[in-house]
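> Here is a sequence together with a model predicted from it:
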Amino acid sequence: MLAWHFLAGDKRLGNDDGRLVKAGETLECKGDPELCSNGMHGSARLIDALHYASGPIVCRVKIEGDVIKGDDKLCGRRRTVLWMLDATDILHEFACQCAEDALSKVAQPDERSVAAIEAKRRWLRGEITDKKLLGSAWAAAWDAVWAARDAALAAAQTAAQTAARAAAWAAARDAALAARAASDAAAWDDDARAARDAAVYEQNKRLTAMVMQAHENDEE
């Protein structure tokens with residue numbers, strides 16, 4: 001079954017495994033697969049894999065052998081990496097876009113949150129340093145979070161704060177948290193699970209398109 005999986009920057013398996021992962025190679029687990037506790041895991045949707053990410057290396061994988069499916073992940077005996085790429089910049093940009101989604105649910109977004117997103121994009125373009133990002137955008141976004149007066153605004157500002165983190169923080173975690181905050185803001189605003197599901201669907205569609213485009217560019 002085709003799935004998505006994220007690796008840390010060193011491309012090694014976590015959970016005290018340590019094996020180096022290479023495109024085109026198949027790794028197998030010891031013992032019987034068991035969801036969450038043993039086996040080679042992945043997620044059918046990229047947005048779901050992001051929630052379990054240990055780092056920014058995204059892998060397109062095939063999972064085989066006694067496959068067990070859960071709500072947002074699956075596992076099997078074997079996992080083959082078809083291709084991989086470093087999605088660090090993609091995930092930072094995705095976090096910014098998710099933060100903007102959340103802010104769009106607020107009638108009058110805090111200017112500091114808007115500035116934090118712009119600062120992150122300036123950092124991505126190499127226009128400001130890590131130190132400046134941490135010293136200005138990061139601090140300003142935190143101030144905005146503490147100034148929040150209602151749940152929807154807090155969710156939006158938390159997404160902006162998440163998007164403003166520097167490179168020293170895990171880009172994958174940033175994007176996952178921003179995506180969650182954006183979808184939560186939508187759900188709370190409409191007071192309906194359908195709104196959250198629609199937001200997550202659109203986030204997955206956007207992130208998948210960004211990753212696939214980067215992969216196609218690598219192949220050229």
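Received the coordinates, thanks. Predicted model only: the values in this text are computed from it and were never measured. Residues are numbered from 1 along each chain as shown.

> would you list every one of the helices in the protein?
46-51, 88-103, 111-124, 130-132, 139-146, 151-163, 171-190, 193-219 (DSSP state H).

> which other helices and strands contact the second one?
Helix 88-103 makes packing contacts with helix 111-124, helix 151-163, helix 171-190, helix 193-219 when contacts are defined by 3 or more CB pairs under 8 Å, 6 or more residues apart in numbering; DSSP states H and E. In this view, the C-beta of every residue, glycine as well, is placed from N, C-alpha and C.

> buried set for that helix?
88, 90-103 (16 or more other CB atoms under 10 Å).

> just the residues you listed now: which is nearest Q213?
I90 (9.0 Å; CB to CB).

> A99 versus that closest one, what's the distance?
According to CB to CB, to the nearest Å, I90 and A99 sit 15 Å apart.

> residues in contact with the nearest residue to I57 once chain neighbours are set aside?
Spatial nearest neighbour of I57, excluding adjacent residues (CB to CB, 6 or more residues apart in numbering): L7 at 4.0 Å. Residues near L7 by CB atoms under 8 Å, 6 or more residues apart in numbering: 13, 21, 54-55, 57, 59, 84.

> Looking at the chain, name the residue that lies furthest from the middle.
G31 (29.8 Å; CA atoms, centre = their mean).

> Point out where the protein drops to low pLDDT.
Applying pLDDT under 70 to the chain flags residues 134-193.

> Show me the chain divided up by domain.
2-86, 89-213 (automatic domain parsing).

> Which one of those domains lies nearest to E219?
domain 2-86 (8.4 Å).

> Quick check: end-to-end length of that closest one?
Terminal residues of domain 2-86 are spaced 19 Å apart (CA to CA, to the nearest Å).

> before we move on, what about stretch 106-117?
With CA to CA as the measure, stretch 106-117 spans 15 Å from end to end.

> L13 - how many residues pack around it?
18 (other CB atoms under 10 Å).

> which residue packs closest to it, ignoring adjacent ones?
The nearest residue in space to L13 (CB to CB, 6+ apart) is R19, at 4.9 Å.

> mind checking how far the one you found is from G76?
Applying CB to CB to R19 and G76 gives a distance of 16 Å.

> Settle it for me: which of the two has more neighbours?
Neighbour count, other CB under 10 Å: between R19 and G76, G76 has more, with 22 against 10.

> Tell me which residues touch the more buried one, please.
1, 33, 39-40, 63-68.

> Can you report how many residues neighbour the residue lying closest to W123 once chain neighbours are set aside?
Sequence neighbours aside, L133 is the residue nearest to W123 in space, at 4.7 Å (criterion: CB to CB, 6+ apart). As a burial measure, L133 scores 22 neighbours (other CB under 10 Å).

> Same question for K30.
If we define neighbours as other CB under 10 Å, then K30 has 8 of them.

> who's in contact with it?
K30 touches N38, counting by CB under 8 Å, 6+ apart.

> tell me the phi and psi of it?
Here is the backbone geometry of K30 (degrees, to the nearest 10): phi -100, psi 130.

> what separates W123 from E202, distance-wise?
From W123 over to E202 the distance is 25 Å, taken as CB to CB.
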